[in-house]
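>>> Fold the following and give me the result.
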Amino acid sequence: MSIQSVSIWVKAPILKGSRILICASCLKFVNKDIYEKFRSEHDVIIEFCAERENASLFMGKLASIIRSSKPKSLTVVTIDGSPHCFTLQAAILEALYVTKEKIEVKQYVVRDGVELIEIDADTVRVARYLSLVYELVKSKPEILRELAKHSLEYRLAHGIEEI
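Numbering: from 1, shown residues only. Here you go, the predicted structure:
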C-alpha cells in the first residue's frame, strides 16, 4: 500500500510490526524499476517530498510511528544530489535518535536516476557537518572530478563542458 506521509495515522494497524519503505515521492518517476523492487519487498510505502511537506514535521510523525507502531524495519530511498531528499535521510536518523528505538534501517540513494547505492547512517551524519565535508574535499580534491560527472550545478558554476 502506497501512501503520502501526511495521510497516515501513526497507530494505523497496517504499520504495526511492518516493513516500511520511505521513499522520495518522485522515485517512481525517476526509476520505476527501483521503486517497484522496493515496493514488492515492503508492507507499507510512505512517499515523502520535502518540497511539499515539512521535513521537521515528518520527523516528528515518523518518531511517533516508530514509538507507537514498532515497525520491523525502515528502508529509505532518495535521489542522490537532491537537497530536498537529503532532509528525508536526516529526518530518519533524527527520529531514531529521539525515540532511542532499535530498528533495522537501510538507507539508499539513486545516483543519476539509475544507480542504487546503499549508504550508511554515518554518511548522512557527516553530510550534516559542512565543516567536515569541507575538510574532506580539501584533503581529497579529486572528489570534485567525480562531482562534475553527476552535478550539472557544479559544471555550470565552474564552466565545465559536458563530461
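>>> what about residue 57, is that helix, strand or coil?
What DSSP: H, G, I helix; E, B strand; the rest coil gives for residue 57 is helix.
>>> separation between it and residue 146?
In this view, residue 57 and residue 146 are 34 Å apart by CB to CB, to the nearest Å. (C-beta placed from N, C-alpha, C; glycine too.)
>>> How many residues are close by the nearest residue to residue 137 once chain neighbours are set aside?
Using CB to CB, 6 or more residues apart in numbering and skipping the chain neighbours, the partner closest in space to residue 137 is residue 143 (6.0 Å). Around residue 143 there are 13 other residues, counting by other CB atoms under 10 Å.
>>> Over to residue 101?
Neighbours of residue 101 under the rule other CB under 10 Å: 14.
>>> Then residue 77?
Neighbourhood size, residue 77 [other CB under 10 Å]: 26.
>>> bridging residues for it?
Beta-bridge partners of residue 77, counted by DSSP bridges, are residue 23, residue 108.
>>> Secondary structure of residue 52: a strand, I assume?
No: note on residue 52: no strand contains this position according to three-state DSSP, which reports coil.
>>> residue contacts, it?
residue 25 (CB atoms under 8 Å, 6 or more residues apart in numbering).
>>> ok, back up a step: what about the residue nearest to residue 137, distance to residue 80?
Following CB to CB, the distance that separates residue 143 from residue 80 is 14 Å.
>>> Next: residue 20.
Separation of residue 20 from residue 80 (CB to CB) stands at 21 Å.
>>> Now the residue nearest to residue 104 when sequence neighbours are not counted. Its backbone dihedrals?
Once flanking residues are discounted, residue 104 sits nearest to residue 73: 4.1 Å by CB to CB, 6+ apart. With angles defined as degrees, to the nearest 10, residue 73 sits at phi -160, psi 160.
>>> Touching, residue 73 and residue 106? I think so.
Yes: here residue 73 reaches residue 106: they are 7.3 Å apart, a contact under CB atoms under 8 Å.
>>> And the pLDDT at residue 158?
If you check residue 158, the pLDDT there is 95.
>>> count of neighbours near it?
Residues near residue 158, counting by other CB under 10 Å, number 11.
>>> If we ignore the residues flanking it in sequence, what's nearest it?
Nearest non-adjacent residue to residue 158, counting by CB to CB, 6+ apart: residue 148, 7.5 Å away.
>>> Then residue 15?
Nearest to residue 15 is residue 69, by CB to CB, 6+ apart, at 3.8 Å.
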